[in-house]
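Undergrad: Next come a sequence and a model predicted from it.
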Amino acid sequence: MDTALDWVGLITSGMLLAVAVRDHRDGGSVWGVVCAGGLVLVGLWVVGRGIVRRRRGLHGAGSR
């Protein structure tokens, strides 16, 4: 379940970035693109951290 939530967060952040880029092209603020890009980077970090933990056999507090 944790893995699925990590990926859902990354996908959602990517979709938010796509919307922010579209709005910026239509004259919106660049801050939406910057913030959404930051969320994508955080999502990538979370997914990458989860992959490394699963490969090493470490489980988070919520894993059983």
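TA: Thanks, I have it.
Undergrad: for the most far-flung residue of the chain relative to its centre, phi and psi?
TA: Of all residues in the chain, residue 27 has its C-alpha farthest from the mean position, at 25.0 Å, by CA atoms, centre = their mean. Torsion angles at residue 27 (phi, psi; degrees, to the nearest 10) stand at phi 110, psi 10.
Undergrad: which residues touch the residue nearest the centre of the chain?
TA: Geometric centre of the chain, nearest residue: residue 43, 2.3 Å, by CA atoms, centre = their mean. With contact taken as CB atoms under 8 Å, 6 or more residues apart in numbering, residue 43 is in contact with 6, 9-10, 12-14. (C-beta placed from N, C-alpha, C; glycine too.)
Undergrad: now the helices for the protein?
TA: With DSSP state H, the ranges of helices along the chain come out as 2-25, 31-56.
Undergrad: now those helices as a markdown table including mean pLDDT?
TA: Shown next, in a markdown table, are the helices of the chain (pLDDT from 0 to 100):
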| stretch | mean pLDDT |
| --- | --- |
| helix 2-25 | 96 |
| helix 31-56 | 95 |
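Undergrad: related to what we said a few turns ago, can you tell me how far the nearest residue to the residue nearest to the centre of the chain once chain neighbours are set aside sits from residue 28?
TA: In space, and not counting its chain neighbours, residue 43 is closest to residue 10: 3.6 Å by CB to CB, 6 or more residues apart in numbering. Note on residue 10: its distance to residue 28, by CB to CB, to the nearest Å, is 23 Å.
Undergrad: So for the two, which residue has more residues nearby?
TA: residue 10 (19 against 14; other CB atoms under 10 Å).
Undergrad: Could you double-check that that one lies in contact with residue 44?
TA: Yes: counting by CB atoms under 8 Å, residue 10 touches residue 44, with 6.5 Å between them.
Undergrad: Check the offset of stretch 16-23 from the chain's centre.
TA: Relative to its chain's centre, stretch 16-23 lies at 14 Å (CA atoms, centre = their mean, to the nearest Å).
Undergrad: Stretch 32-42 now?
TA: Using CA atoms, centre = their mean, the offset of stretch 32-42 from its chain centre is 8 Å.
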